[in-house]
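Q: what follows is a predicted structure for the sequence shown.
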Amino acid sequence: MKSFELASREYKSEDTIIEISSSRKKLCIGESYCTVIAGPCAVEGWDDYLALARILAESGAHILRGGVFKPRTSPYSFKGLGIEGIEIIARAREITGLPVITEIMDIRDLDLLYNRVDILQVGSRNMQNFSLLEELGKVDRPVMLKRGLSATIEEWLLAAEYILRGGNQQVILCERGIRTFEPYTRNTVDIGAVALLKQLTHLPVMVDPSHATGRWKMVAPVARAAIAAGADGIMVEVHQNPDRALSDGKQSLTPDNYYKLMGQIVKLAEMDGKKM
Ligand code: PEP
Ligand code: MN
């Protein structure tokens, strides 16, 4: 038996499909679906977020993202709009009918997020926050677990195991690059991990090419590589005006560039026989 059990293919051979039924449109992640999550790094305000949400919905995004509690390296950086940010994404969800995802850093925020958000994201910095994982194991909401900054694949799957073990079977993994000796890119994207995870686990595997590279010009090629390697979808950061973004502008696509990427992803998914 492997150190991780519930996440393994031995335990469950068929792919897990996560159904997002809490939003207006029913949506599936995993197996034969290719899912695109898009939105800014952080929700920065009402007008911009709602305008972008409309653009993304019209150009085929399946799920809207936007951080409201931001884990920032410096305590002096913009840390998100908090409760007001939740109201903004909840409104975007209502207007577009698309499900929304945002990061949960503290289990005390669960009550606020539970009915307004469709997927709870656990960020890299919290991948091994075991008490948070255990609490999310008791929750009836999908959790997207991002790979820790320097987590091995086994550590990552064991982190997923904490959630599964609590009874929550709705876990999505998200590769977002790992820290290596290479300083040229923000992180080093591990495409091999995607191919390996598809063998090791039944859980859906997404890739975030934005945080994985830190450079918007690398986002489209790495997103394509992710789909080609078998990822169940991508999560990309998009901002109307990346130069003015309060966080992660350098890795954010403009809506135009996002639209071009979307066209490429649609073609790749079609080649793979995946539904979008
Ligand atoms: C994010 O996706 O908003 C984020 C903070 O990413 P990560 O946890 O991968 O750094
Ligand atoms: Mn970001």
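A: Yes, it's here. Ligands and ions are numbered 1, 2, ... in the order given.
Q: avg pLDDT for stretch 100-120?
A: Taken as a whole, stretch 100-120 has a mean pLDDT of 97.
Q: which parts of that stretch are buried?
A: Buried residues in stretch 100-120, counting neighbours by 16 or more other CB atoms under 10 Å, are found at 100-105, 107, 109-110, 112-113, 116-120. Every C-beta, even on glycine, is put in place using the N, C-alpha and C of the backbone.
Q: next one: stretch 178-197
A: Here stretch 178-197 shows 178, 185-187, 189-191, 193-194, 197 as buried, counting by 16+ other CB under 10 Å.
Q: just the CA atoms of that stretch, as CSV, please.
A: Output of stretch 178-197 as CSV, limited to C-alpha atoms (Å, rounded to 0.1, in the frame of the first residue of the first chain):
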residue,chain,number,x,y,z
ILE,A,178,7.9,24.7,-7.4
ARG,A,179,10.9,26.5,-6.1
THR,A,180,14.2,25.5,-7.7
PHE,A,181,17.7,27.0,-8.2
GLU,A,182,16.4,28.8,-11.3
PRO,A,183,15.7,32.5,-10.6
TYR,A,184,14.7,33.5,-14.2
THR,A,185,11.1,32.4,-13.8
ARG,A,186,9.1,32.9,-10.6
ASN,A,187,8.8,29.1,-10.1
THR,A,188,9.7,26.1,-12.1
VAL,A,189,6.7,24.4,-13.7
ASP,A,190,6.6,20.7,-13.2
ILE,A,191,4.8,19.4,-16.3
GLY,A,192,6.1,15.9,-15.6
ALA,A,193,4.2,15.9,-12.3
VAL,A,194,1.0,16.3,-14.3
ALA,A,195,1.7,13.2,-16.3
LEU,A,196,2.7,11.3,-13.2
LEU,A,197,-0.3,12.4,-11.1
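Q: ok now it, how far from the chain's centre?
A: In this view, stretch 178-197 has its centroid 16 Å away from the chain centroid, taken as CA atoms, centre = their mean, to the nearest Å.
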